[in-house]
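> what shape does this take:
(chains A and B)
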Amino acid sequence: AAGVIQSPRHLIKEKRETATLKCYPIPRHDTVYWYQQGPGQDPQFLISFYEKMQSDKGSIPDRFSAQQFSDYHSELNMSSLELGDSALYFCASSWGTSGIYEQFFGPGTRLTVL
Amino acid sequence: AQSVTQLGSHVSVSEGALVLLRCNYSSSVPPYLFWYVQYPNQGLQLLLKYTSAATLVKGINGFEAEFKKSETSFHLTKPSAHMSDAAEYFCAVTSNRDDKIIFGKGTRLHILP
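Residues are numbered from 1 along each chain as shown, chains lettered A, B, ... in the order given. As a prediction, this is how the structure comes out:
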């Protein structure tokens, strides 16, 4: 079965650079979520989109922005990168926005900021 | 607001022994509860979920969890530990009025030979 695809899988950037993470949801899933997992930490919710509109927002820095496109894929744009942005970024997708709909997680993008 | 508390950041059990990972939740609405497993440098895999049906939930790899409303608990168990169970386990909560998942701090399970 098709799974959530994230690209790139690994990304190394310098401080103050910009990074773009991409997420391709499971076909026919209309909702995308982004989570950030720092080293040794639990995943923290950043932002979600339903039908290309932002549906919820968590602890996402103002330096980050995201959107969902007409084909339902999503991109997380991160500017002015800081060392503390080094983390594993997960994307998840679901069919519907209620918690009853299972979120399927991608393998993650590991961002390292030097 | 919803939250989960996992008791014990590290748990060690001998191979073949009972695995018990503790999770307590707090929620003002009926919760949906999950256990995820994360192997080193890998993504999150859903072990099992509770969504207000049967209180005893069976998952993959021989794991199960019981929802106890009176104790606000959702502990994860496995009768006999295997070396391949060594991983980080996250308890998580959401509801039908929410969509984001709130994760616990995680419990690293070590299996002793």
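
> is the helix or strand hosting A:Tyr35 anywhere near chain B?
Assigned by DSSP states H and E, A:Tyr35 falls within strand A:31-37. Yes - judged by CB under 8 Å from any CB of the partner chain, strand A:31-37 and chain B are in contact via A:31, A:33, A:35. C-beta here means a position set from N, CA and C on the backbone, and glycine is covered the same way.

> okay, now the first one: neighbour count?
It refers to A:Thr31. Residues near A:Thr31, counting by other CB atoms under 10 Å in any protein chain shown, number 24.

> now do the last one
A:Tyr35 sits with 26 neighbouring residues when counted by other CB under 10 Å.

> quick one: neighbours of whichever residue of chain B sits closest to chain A, just the number.
Relative to chain A, the nearest point of chain B is B:Thr94 (3.4 Å; CB to the nearest CB). Residues lying near B:Thr94 (other CB under 10 Å) number 25.

> can you list the residue ranges for helices in chain A?
Read by DSSP state H, chain A holds no helices at all.

> what does it put close to chain B?
A:31, A:33, A:35, A:41-45, A:48, A:50, A:55-56, A:58, A:90, A:92, A:94, A:97-103, A:105-108, A:110.

> of these, select the buried ones using a ChimeraX command.
Typed into ChimeraX, the line below selects the buried ones among the residues of chain A next to chain B, using 16 or more other CB atoms under 10 Å in any protein chain shown:
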select /A:31,33,35,42,43,44,45,48,50,55,56,90,92,94,97,99,101,102,103,105,106,107,108,110
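
> quick check: closest non-adjacent residue to residue 21.
I'll assume chain A. Distance criterion CB to CB, 6 or more residues apart in numbering or on different chains; nearest residue to A:Leu21, sequence neighbours excluded, is A:Leu76 at 4.4 Å.

> should've been chain B
B:Leu76 (4.3 Å).

> so what pairs up with that neighbour in the strands?
Per DSSP bridges, the residues bridged to B:Leu76 are B:Leu21, B:Ala65.

> any idea how far the nearest residue to A:Phe49 once chain neighbours are set aside is from B:Tyr32?
Nearest non-adjacent residue to A:Phe49, counting by CB to CB, 6+ apart: A:Gln68, 3.7 Å away. To B:Tyr32, A:Gln68 is 23 Å away according to CB to CB, to the nearest Å.
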